[in-house]
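A.B. asks: Provided below are the primary sequence and the corresponding predicted coordinates.
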Amino acid sequence: MDLEFNKNEDFNKQLLSQLKSRLQKVYAGGGEKAAVKQKEKGKLLARERINYLLDPDSPRIEIGAFAAEDMYTEQGGCPSAGVVCIMGYVSGRQCIVVANDATVKAGAWFPMTAKKNLRAQEIAMENRLPIIYLVDSAGVYLPMQDEIFPDKEHFGRIFRNNALMSSMGIVQIAAIMGSCVAGGAYLPIMSDEAMIVDGTGSVFLAGSYLVKSAIGEDVDNETLGGATTHCEISGVTDYKHPNDQACLDSIRNIMSKVGAPQQAGFDRAKPLEPKKSEQEIYGILPENREKPYDMLEIIHRLIDNSEFEEYKQLYGQSIICGLGRIDGWAVGIVANQRKVIKSKKGEMQFGGVIYSDAADKATRFIMNCNQKKIPLVFLHDVTGFMVGSRSEHGGIIKDGAKMVNAVSNSVVPKFTIVIGNSYGAGNYAMCGKAYDPRLIYAWPSAKIAVMGGAQAAKTLLQIQESALKAKGEEITEEKKSKLLAEITERYTSQTTPYYAASRLWVDGIIDPLETRKVISMGIEAANQSPITRPFNVGIIQT
């Protein structure tokens, strides 16, 4: 191995170490004191409940672990948006599990809590996966009610989704394992089956204090909406259990009897490990995000037996397209080539830039995969589309629009991995979050923004300079340098994968070695949802 490889490896492993450290902080939820209080009530913590429920030693993917990180700081923070969401297996059946974390503000719903729950439901609906809710929440965080209550993508959308999923035949099971108050009471009761833990679980539209103030009635919470009330008097819940463990055992028992799903029919062969070592990815991926490298070397370390059938290999080389397998599943891969290429016309093409011929090639390849019913995997390291008079005269907007059209209308499942840069319209064309990838994850090396930090900072500096000059302020070189440093730092902080993951622009940040698992589990989930509409791109300018 050469010196450059070793430097890259050290840098990327440092990024991985930072990821693991930040995840450990997330896993602590609301902290040790809050955890002790839950334990004193005889309750398992949210992650303990999930671990008990999921099949031992089975693979799993966490969705939104970093949701709300560094947000709501004035409110004391909201780690993981106060809810844990995992795609895993219960009694051998793939499903989504959503568990409120009562150590975080008593499981109260912040705006990002609602967004994360809606994302979990979206994944369940797209893939027709059973969804299990482990409810333990104090309801809406009232000081922020205007940001969570009335809008289309707010709290109420969750109950609308409950109703839609039920009509679609998607299994929903809810376990009331703690508080379940006000509007939040509808979530478990709109599920197919609801169970409750005696002594700790309670569900009511208004708690005892509100009942007292509203109608003057004196009643305790247990009488108002405890397990005995709802299992023996109201009939609101279907099963009563003595403790968390018994409740989770009941869910496992129910899931063991759920009928097999229909299949979409995506092709799967016997899984094979890549011939080229996945560990070498750390040394291939450059420390400097602007430095070129050969994306094919990454692809060969992600696909089975390192076998890749490249499409139009010598044409449109700034995008790599081709067929391979990941954990046995047939996939079509669309990836940005990061090495500098000399075209057959003698032109130099810069790494990470999408040129007209590459966009044209990718469009045709995406259409082919839809024709053959092959899931698509997008590997991002893109700085955008090529600019300049030559590109404009050559119709770069038209060719880029064709690619965006094909991605938008694709009916096969799409999976997106942001490896490096993901800038501007390149993010769109490569199936960014706005284009409905079934799952979208980032590596620690990812950067997501409208443009690179250096270009953006200079543009923002020019704007700020003009504004200051308009006010009559003199801009010295020293002040200019200070402004540029401040703008660059602020902008760069917004391009990190953690900033993106906090806002759920991506579903999470993963070790590159987890990429195969994420894609494989994603396709397995998608295979439970048959394609029901034909592929049609509508009108495309040619």
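C.D. replies: Everything's here; your move.
A.B. asks: where along the stretch 151-300 of the chain do the strands fall?
C.D. replies: 172-180, 193-197, 239-241 (DSSP state E, counting those that start in this stretch).
A.B. asks: Now do the longest one and strand 193-197, the angle between them.
C.D. replies: Between strand 172-180 and strand 193-197, the angle formed by their directions is 30 degrees, by axes from the mean of the first three to the mean of the last three C-alpha atoms, to 10 degrees.
A.B. asks: Each with direction, which strands does strand 172-180 pair with?
C.D. replies: strand 131-137 (parallel), strand 193-197 (parallel) (DSSP bridges).
A.B. asks: same question, the last one
C.D. replies: Applying DSSP bridges, strand 239-241 is found paired with strand 193-197 (parallel).
A.B. asks: roughly how far is the strand it pairs with from the heart of the chain?
C.D. replies: 28 Å (C-alpha atoms, centre = their mean, to the nearest Å).
A.B. asks: Residues contacting that strand, please?
C.D. replies: Defining contact as C-beta atoms under 8 Å, 6 or more residues apart in numbering, one finds that strand 193-197 is touched by 172-178, 188, 202-203, 226-227, 230-231, 236-244, 246-247, 250-251, 254. Placement of C-beta: from N, CA and C, glycine included.
A.B. asks: returning to that earlier point: hey, which of the strands of the stretch 151-300 of the chain is tucked in deepest?
C.D. replies: strand 172-180 (a mean of 27; mean count of other C-beta atoms under 10 Å).
A.B. asks: Now that one: average pLDDT?
C.D. replies: Across strand 172-180, pLDDT averages out at 94.
A.B. asks: Tell me where the stretch 351-500 of the chain has strands.
C.D. replies: Using DSSP E, counting those that start in this stretch, strands in the stretch 351-500 of the chain cover 353-354, 376-382, 384-385, 414-423, 439-442, 447-449.
A.B. asks: If you average pLDDT over each of those strands, which is lowest?
C.D. replies: strand 384-385 (a mean of 86).
A.B. asks: just so I know, which of the strands of the stretch 351-500 of the chain lies nearest Thr492?
C.D. replies: Nearest of the strands of the stretch 351-500 of the chain to Thr492, taken as C-beta to C-beta: strand 447-449 at 8.5 Å.
A.B. asks: Give the pairing partners of that closest one; include direction for each.
C.D. replies: In the sheet, strand 447-449 lines up with strand 414-423 (parallel) (DSSP bridges).
A.B. asks: now the partner strand: how far from the chain's centre is it?
C.D. replies: With C-alpha atoms, centre = their mean, you get 12 Å for strand 414-423.
A.B. asks: Now do that strand against strand 376-382, angle only.
C.D. replies: 10 degrees.
A.B. asks: Need the CA coordinates for strand 414-423. PDB is fine.
C.D. replies: Only the C-alpha atoms of strand 414-423 are listed here, as PDB (Å, rounded to 0.1, in the frame of the first residue of the first chain):
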ATOM      1  CA  LYS A 414     -34.300   3.300  -5.800                       C
ATOM      2  CA  PHE A 415     -31.600   3.300  -3.200                       C
ATOM      3  CA  THR A 416     -29.200   6.200  -2.700                       C
ATOM      4  CA  ILE A 417     -25.800   6.200  -1.000                       C
ATOM      5  CA  VAL A 418     -24.100   9.600  -0.600                       C
ATOM      6  CA  ILE A 419     -20.400   8.700  -0.700                       C
ATOM      7  CA  GLY A 420     -18.900  12.200  -1.200                       C
ATOM      8  CA  ASN A 421     -20.100  15.400  -2.600                       C
ATOM      9  CA  SER A 422     -23.800  15.800  -3.500                       C
ATOM     10  CA  TYR A 423     -24.200  19.300  -4.800                       C
END
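A.B. asks: got the buried residues for that strand?
C.D. replies: Of the residues in strand 414-423, Lys414, Phe415, Thr416, Ile417, Val418, Ile419, Gly420, Asn421, Ser422, Tyr423 count as buried by neighbour count, 16 or more other C-beta atoms under 10 Å.
A.B. asks: Same check on stretch 294-312?
C.D. replies: 295-304, 306, 308, 311-312.
A.B. asks: which residues in the stretch 151-300 of the chain form helices?
C.D. replies: Assigned by DSSP state H, counting those that start in this stretch, the helices in the stretch 151-300 of the chain fall at 156-168, 186-189, 208-215, 221-225, 227-228, 244-255, 281-284, 295-299.
A.B. asks: Put together CSV for these, with distance to Thr476 and mean pLDDT on each row.
C.D. replies: Output for these, formatted as CSV (distance: least, C-beta to C-beta, whole Å; pLDDT from 0 to 100):
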stretch, distance to Thr476, mean pLDDT
helix 156-168, 52, 94
helix 186-189, 59, 87
helix 208-215, 61, 73
helix 221-225, 65, 79
helix 227-228, 71, 86
helix 244-255, 65, 98
helix 281-284, 44, 98
helix 295-299, 44, 97
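A.B. asks: Among those helices, which comes closest to Lys43?
C.D. replies: helix 244-255 (6.0 Å).
A.B. asks: Packing partners of the closest one?
C.D. replies: helix 46-53, strand 83-90, strand 172-180, strand 193-197, strand 239-241 (3 or more C-beta pairs under 8 Å, 6 or more residues apart in numbering; DSSP states H and E).
A.B. asks: which residues are contacting that helix?
C.D. replies: With C-beta under 8 Å, 6+ apart as the criterion, helix 244-255 contacts 42-44, 49, 52-53, 90-91, 93, 95, 130, 132, 173, 175, 177, 193, 195-197, 200, 239, 241.
A.B. asks: hmm, try it at 7 Å
C.D. replies: 43-44, 49, 52-53, 90-91, 93, 130, 132, 173, 175, 177, 193, 195, 197, 239, 241 (C-beta atoms under 7 Å, 6 or more residues apart in numbering).
A.B. asks: now it: how far from the chain's centre is it?
C.D. replies: 27 Å.
A.B. asks: what comes up buried for it?
C.D. replies: Applying 16+ other C-beta under 10 Å to helix 244-255 flags Asp244, Cys247, Leu248, Ser250, Ile251, Arg252, Ile254, Met255 as buried.
A.B. asks: Could you do stretch 314-324 as well?
C.D. replies: Gly316, Gln317, Ser318, Ile319, Ile320, Cys321, Gly322, Leu323, Gly324.
A.B. asks: Just the endpoints, please. Distance across it?
C.D. replies: Start and end residues of stretch 314-324 are separated by 18 Å (C-alpha to C-alpha, to the nearest Å).
A.B. asks: Could you do stretch 365-382 as well?
C.D. replies: Terminal residues of stretch 365-382 lie 18 Å apart, using C-alpha to C-alpha.
A.B. asks: so how far is it off the chain centroid?
C.D. replies: Using C-alpha atoms, centre = their mean, the offset of stretch 365-382 from its chain centre is 19 Å.
A.B. asks: Mind listing residues that contact that stretch?
C.D. replies: 265-266, 295, 311, 321, 329-336, 338, 352, 354, 406-407, 410-423, 426, 430-431, 519, 523, 526, 535.
A.B. asks: could you point out which element follows the longest helix along the chain?
C.D. replies: Counting residues, the longest helix in the chain under DSSP state H turns out to be helix 3-27. Past helix 3-27, further along toward the C-terminus, the next helix or strand under DSSP states H and E is helix 32-40.
A.B. asks: pLDDT (mean, whole number) over that following helix?
C.D. replies: 95.
A.B. asks: Please report the distance of Asp511 from Ala67.
C.D. replies: 19 Å (C-beta to C-beta, to the nearest Å).
A.B. asks: Look at those two and report which has more neighbours.
C.D. replies: Ala67 (27 against 18; other C-beta atoms under 10 Å).
A.B. asks: so what pLDDT did Arg93 get?
C.D. replies: Per the predicted model, pLDDT is 98 at Arg93.
A.B. asks: ok, it touching Lys257?
C.D. replies: No. Counting by C-beta atoms under 7 Å, Arg93 stays clear of Lys257, with 9.8 Å between them.
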